[in-house]
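Undergrad: Sequence and predicted model, in that order:
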Amino acid sequence: MGDSLAEVGEFLDWQGVCNLTAVLHNDDWDDWLYGTVTARCGCGDERDNDPSTKFSRGFIMVLVVLAAAAVVVFAWEQHWARRDDNEDIEQRQQTDQGMGAEKERLWHLDYARIICVACVVTEHSGGEVYADRNIAWVQQWVLPYLYVVSGYSFMLSSGSILAYLLRLAVVFLIGILANWAADAISGRDWKNDFGNTCFQMMYVVVIGVTSFILTPLRQALRWRHQNQAEPAPLSMLAWTGVGGALTLILLIVGVVRGFFANNGENAEDNANGTRAFIVYGPYVLATYSASFFLCMLTCATGCDGRSGWVLMAFMYIHRMAIAYSRGGHPVNVDIFMLGMLVQKVPLYGADTFARTAREYWPIVFSLLLLLSTPGVTGRCDLHPHYHGWERVR
């Protein structure tokens, strides 16, 4: 079915593909387990909730407050647990500093990065059906993995931000030259369409801009990693206040004025990753600034690895409850911050979680099958399902 829809799509416009998919979907949507209201993600704007509703304006504010409160409570609990454990903390800090001098290759990061890039290359080389049909759940892990690994790697870099940006610039130029050479060899009219020569490397630009903006968070995480029990310096408290104030202002703007409403979806709207900022600017920026605030609050309070779970809960709860189209690329700045955070503040219970998943992988695989929506086509990571329960799945 995926191949036939891709072939038919060459002869139909965007709305024609949507209409055809809806007709084919009508006979199966009421299945008790795998039936869905959504036939194809990205066809129309009939979701049960979006950032413009009163519920969304109140919900996101409550969610931010609860997440911040959880970080503070966990930090306070940890503070009292440390009162009688100061010597152990000092010894652990010395051990961490000593281990920092011995760098080992993190092969799992290389494997994740290579696999994700290979998937993106496949999708850009004519394999759109893999993403369109969400084969092997690629929508759930390829781009999120790329962003989290990029954030993690940003923290591993020991150089200055300028040196890091120069390295990204070299990668960007090499990629552009490779694409240009391929265009010249294939005879593509790159002179009148140079944007398609560059677009595959725009991810590097996004990572560069994100890294530059998040330099204060990088410095704060480094300091907290080396000074686990020390009071936060004034500069860290100031950046925490900036993140909190910016989040509060954006949320107030959303409540008073209402977040911008989606004016419909079409091929032009889906062209690039700026659509979410253009249509839902205050809301998107509020979620990013809230993630920054939670990370800085973790540094300021000295919270442990439970803060990573709090950040993940915040990111995915608002994604499930409040849906909006993200354009042609999800600019996952918050997932990038998650990667930064867990590199210096490892997730609480991560080893136990990983071991349990490995030992009981058939059960995990079965749960993934039960929670999937195999009858839905389209890029649901960019244009979410219409119903809340479908987005949870």
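TA: All right, it came through fine.

Undergrad: hey, let's count contacts and neighbours off CA atoms from now on
TA: Will do.

Undergrad: neighbours around Ile335, how many?
TA: The local packing of Ile335 (other C-alpha atoms under 10 Å) involves 24 other residues.

Undergrad: May I ask you to confirm that it is in contact with Tyr147?
TA: Yes. In this structure Ile335 lies within contact range of Tyr147 using C-alpha atoms under 8 Å: 6.0 Å.

Undergrad: Check which residues of the helix or strand hosting Ala67 are buried.
TA: Secondary structure assigned from DSSP states H and E places Ala67 in helix 54-82. Judged by neighbour count (16 or more other C-alpha atoms under 10 Å), helix 54-82 contains these buried residues: 56-57, 60-61, 63-64, 67-68, 70-72, 74-75, 78-79.

Undergrad: and it, how far from the chain's centre?
TA: Relative to the chain's own centre, helix 54-82 is displaced by 20 Å; criterion: C-alpha atoms, centre = their mean, to the nearest Å.

Undergrad: which helices and strands sit right next to it?
TA: Contacts defined by 3 or more C-alpha pairs under 8 Å, 6 or more residues apart in numbering; DSSP states H and E place helix 54-82 against helix 234-257, helix 275-301, helix 306-321.

Undergrad: Of the ones you listed, flag the one that's most buried.
TA: helix 275-301 (a mean of 23; mean count of other C-alpha atoms under 10 Å).

Undergrad: angle of it against helix 54-82?
TA: With axes from the mean of the first three to the mean of the last three C-alpha atoms, to 10 degrees as the basis, helix 275-301 and helix 54-82 are set at 20 degrees to each other.

Undergrad: same for helix 275-301, what does it pack against?
TA: helix 54-82, helix 215-226, helix 234-257, helix 306-321, helix 333-344.

Undergrad: Next, the angle from that helix to helix 234-257.
TA: 140 degrees.

Undergrad: Show the average pLDDT along helix 275-301.
TA: Mean pLDDT, computed over helix 275-301, is 89.

Undergrad: do stretch 32-48 as well
TA: 79.

Undergrad: Which positions in that stretch come out as buried?
TA: 34-43, 45, 47.

Undergrad: How far does it stretch from one end to the other?
TA: End-to-end distance of stretch 32-48: 20 Å, with C-alpha to C-alpha, to the nearest Å as the criterion.

Undergrad: do stretch 328-336 as well
TA: Stretch 328-336: ends 18 Å apart by C-alpha to C-alpha.

Undergrad: Now that stretch: buried residues?
TA: Neighbour count says stretch 328-336 has 328-336 buried, by 16+ other C-alpha under 10 Å.

Undergrad: Rebuild the residues you listed as TSV, extending it with distance to Met315 and pLDDT.
TA: What follows is the buried residues of stretch 328-336, written out as TSV (distance: C-alpha to C-alpha, whole Å; pLDDT from 0 to 100):
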residue	distance to Met315	pLDDT
Gly328	20	76
His329	17	81
Pro330	13	84
Val331	13	87
Asn332	10	92
Val333	11	94
Asp334	7	95
Ile335	8	96
Phe336	12	97
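
Undergrad: just curious, which of those is nearest to Ala350?
TA: Ile335 (17.2 Å; C-alpha to C-alpha).

Undergrad: So what's the gap between stretch 216-236 and the chain middle?
TA: Using C-alpha atoms, centre = their mean, the distance between the centre of stretch 216-236 and that of its chain works out at 24 Å.

Undergrad: correction: stretch 293-300
TA: Centroid separation for stretch 293-300 versus its chain: 18 Å, with C-alpha atoms, centre = their mean.

Undergrad: send the alpha carbons of it over as PDB?
TA: Extracted C-alpha coordinates of stretch 293-300, given in PDB (Å, rounded to 0.1, in the frame of the first residue of the first chain):
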ATOM      1  CA  PHE A 293      14.800  27.000  32.600                       C
ATOM      2  CA  LEU A 294      14.400  23.500  33.900                       C
ATOM      3  CA  CYS A 295      18.000  22.600  32.900                       C
ATOM      4  CA  MET A 296      19.400  25.800  34.600                       C
ATOM      5  CA  LEU A 297      17.200  25.100  37.700                       C
ATOM      6  CA  THR A 298      18.800  21.700  37.900                       C
ATOM      7  CA  CYS A 299      22.200  23.300  37.900                       C
ATOM      8  CA  ALA A 300      21.300  26.000  40.300                       C
END
